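**Student:** I need the structure of the sequence given here:
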Amino acid sequence: QVQLVESGGGLVQAGGSLRVSCAASGRDWSSFNTMAWFRSQAPGNDREFVAGITWNGGNTQYEDSVKGRFTISRDNAKNTVYLQMNNVKLADTAVYYCAAAPLTSVPMSAVRYGHWGQGTQVTVSA
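**Tutor:** Residues are numbered from 1 along each chain as shown. Just a heads-up that it's a prediction; the model follows:
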């Protein structure tokens, strides 16, 4: 059983910084080869790709609007992936979801990921 648990969400002012984390657990570690962050800005909206990273960190991908502001990283010893968000904007307000898949690339489509966390709310205030 694969479990992903997000933490670190909250309220942050525009221009500020926040880091969210995702702790993974489960027997099959290959399930976490690729990990990614998605976000949904309103109930019922599709989940939008934000950033993703492969097992060794050799391949990272970012959605265009977060390039240069967000950084994804992972600590495999702790089975944890992080999303450092700097210079946040009002448009970054969303529920952020962690996702994992047994892949060697970083797809941007949510359907490629079979494991999901429950999400953590990030709210950016003016």
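**Student:** residue contacts, Val20?
**Tutor:** Applying CB atoms under 8 Å, 6 or more residues apart in numbering, one finds that Val20 lies in contact with 6-9, 37, 82-83, 85, 96, 120, 122. For the C-beta atoms, the positions are set from N, CA and C on the backbone; glycine is no exception.
**Student:** what's the pLDDT at it?
**Tutor:** Val20 is assigned a predicted lDDT (pLDDT) of 98.
**Student:** neighbours around the residue lying closest to it once chain neighbours are set aside, how many?
**Tutor:** Spatially, and ignoring its direct neighbours in sequence, Val20 is nearest to Gly8 (4.1 Å; CB to CB, 6 or more residues apart in numbering). Neighbour count of Gly8, defined by other CB atoms under 10 Å: 15.
**Student:** wait, what's in contact with Asp46?
**Tutor:** 40, 110.
**Student:** er, Ser40 actually
**Tutor:** Counted by CB under 8 Å, 6+ apart, Ser40 has contacts 46-48, 94-95, 97, 119.
**Student:** repeat the analysis, applying 7 Å as the threshold.
**Tutor:** The contact partners of Ser40, by CB atoms under 7 Å, 6 or more residues apart in numbering, come to 47, 94-95.
**Student:** will you turn those into JSON lines that also has neighbour count?
**Tutor:** JSON lines is the format used below for these (neighbours: other CB atoms under 10 Å):
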{"residue": "Arg47", "neighbour count": "21"}
{"residue": "Ala94", "neighbour count": "22"}
{"residue": "Val95", "neighbour count": "20"}
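**Student:** hmm, back to that, hmm, Ser21 and the residue nearest to Val20 touching each other?
**Tutor:** Yes - applying CB atoms under 7 Å as the test, Gly8 and Ser21 come out as touching, 5.0 Å apart.
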